[in-house]
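K.L.:
next come a sequence and a model predicted from it.
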Amino acid sequence: MSLINKQEENSPEFEVIKGGRTISPMNFSEGMDDEAEIDLVEIGWTLLDKLHYIVLSFLIGAVLFNAISYFCIEPTYKSTAKMYVVSASKNSVVDLDALNIGTSLTADYEQLMLSYPVLEQVINKLNLDMDSNELAKMITLDNPQDTRILNIDVISTDPKEARDIANTLMEISVDYLPKTMSTNAPNMAQKAKLPDTQDGPSYMKFTLIGAFLGAFLYCLYIVIKYLMDDTIHTAEDMEKYFDIVPLAVIPDIEALQELKEYKKAAGKEK
């Protein structure tokens, strides 16, 4: 292998010639682009080398999201009332037809209980500072499978408000639904009580999301930085990309100077 210097119009240029193959600065980067490939093993070692920073990002993300959920998100509370849907029966004995009708009625109740006539009555009775759409977003109606029980779940930042809305909605529905549907009135199976524990946010969930998000973003940064780095760092990189074995390696002058100073200081200590 030989190194040839050229001077053309005061612009230096070099060529590396080996076995009839010539590489110049003009096609140096082109050669790298042509032969560049993603080395997953090398990416893995790069990530492993930055493991302490990945762990640090993991911890920072966990602490940050936990603080956000604790200080920036207002806790919510859920209160639940239950209605039992009944239908016409003979001699106070519920027959099969009554069971089927009662089951189908729960779907109708779910629609009518969230209609604006019912919600407006709840707002007026409790003097709530919201409209029917905002109130509807706080209410979830759930009919457990194979039952005629209708759960009225209300979530609010005020536990007392959640309880009052659930109970008031149930009371108004018991009076409104039979008149509207010409059916028997549903029974109030359970009144809502004042919740003593918060429903959300889940601090553990936010902490885990923040931890994994922090670690993922830092790993993504390392991978992108690795893929965009097209410089030659070692003699192995030169041989890998261009099939050229360097004759010599120029050491880092600053590193050598630091090594000399370290040895000199160590000698004085002895």
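P.N.:
Nice, I can see it.

K.L.:
where does Leu150 sit: helix, strand or coil?
P.N.:
Under the three-state scheme (DSSP: H, G, I helix; E, B strand; the rest coil), Leu150 adopts strand.

K.L.:
check which helix or strand covers the closest residue to it other than its chain neighbours.
P.N.:
The shortest distance from Leu150 to any non-neighbouring residue, by Cβ to Cβ, 6 or more residues apart in numbering, is to Met83 (4.5 Å). Every residue, glycine included, has its C-beta placed from N, CA and C. For Met83, the enclosing helix or strand under DSSP states H and E is strand 77-84.

K.L.:
spatially nearest residue to the residue nearest to the spatial centre of the chain, not counting backbone neighbours?
P.N.:
Geometric centre of the chain, nearest residue: Ile209, 5.6 Å, by Cα atoms, centre = their mean. The shortest distance from Ile209 to any residue other than its chain neighbours is 5.9 Å, reached at Phe65 (Cβ to Cβ, 6+ apart).

K.L.:
on that earlier part again, got the buried residues for the strand holding Met83?
P.N.:
Of the residues in strand 77-84, Tyr77, Lys78, Ser79, Thr80, Ala81, Lys82, Met83 count as buried by neighbour count, 16 or more other Cβ atoms under 10 Å.

K.L.:
likewise for stretch 111-126?
P.N.:
Within stretch 111-126, the residues scored as buried using 16+ other Cβ under 10 Å are Met113, Leu114, Val118, Leu119, Gln121, Val122, Ile123, Leu126.

K.L.:
just the strands in the stretch 151-270 of the chain please.
P.N.:
Secondary structure of the stretch 151-270 of the chain (DSSP state E, counting those that start in this stretch): strands located at 187-190.
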